[in-house]
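# sequence-free structure coming up:
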């Protein structure tokens, strides 16, 4: 009896999910992926990777006796990479109306993480400028660890969206090539 109830409940859940998914799939099919947005996302992926590498280097410095000049140079480079990523994000925001639904989701998710990362990086720079001899303290390490975490999450997320777009494009090409019904 319990098994029949679970099966019936599962079947009802799948039907309900399909009922909501079908209108979304139909709307999603209305707007094709934007080549411009795909290109901008790929560029943003590269920038985000550079920011992540800068943050990892800065975090490594907190475990060594690196000079404050090394910290300052690395966080300055990180700020430059964040600014470059910010320019890519602005271009993405400008192209949002031409983007497909999944690309719009990507664009919408980048801004909050990037904004938080930029804010935290500025706080790191301010702390570094005022406390050059306290680079192994909890506060500075907290800023640096937060930057490492945020930059890693941002880089991974953008990379996942780029991979999704490439996989989706490949699936669409194979669907046409093999002349099989679309999965939508």
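That came through fine. On a predicted model such as this, the values are computed, not experimentally measured, just so you know.

# show me what counts as buried in whichever strand or helix holds residue 86.
For residue 86, the host element (DSSP states H and E) is helix 68-94. Buried residues in helix 68-94, counted by 16 or more other Cβ atoms under 10 Å: 71, 74-75, 77-79, 81-82, 84-86, 88-89, 91-92. Bear in mind the C-beta positions are built from the backbone N, C-alpha and C, glycine included.

# out of the helices and strands in the protein, which is least certain?
Among the helices and strands of the chain, helix 2-30 carries the lowest confidence by mean pLDDT, DSSP states H and E, at a mean of 42.

# which elements pack onto the top helix by length along the chain?
The longest helix of the chain (DSSP state H) is helix 138-178. Judged by 3 or more Cβ pairs under 8 Å, 6 or more residues apart in numbering; DSSP states H and E, the packing partners of helix 138-178 are helix 35-61, helix 101-130.

# list the buried residues in the longest one.
Residues of helix 101-130 classed as buried under the neighbour-count rule (16+ other Cβ under 10 Å) are 102-104, 106-107, 110, 113-114, 117-118, 120-121, 124-125, 127-128.

# residue 152 contacts residue 55, correct?
Yes: the pair residue 152 and residue 55 qualifies as a contact (Cβ atoms under 8 Å) at a distance of 7.4 Å.

# quick one: low-confidence residue ranges for this protein.
By pLDDT under 70, the low-scoring segments of the chain are 1-30, 183-184.

# now do 50
Of all residues in the chain, those with pLDDT under 50 make up the ranges 1-28.
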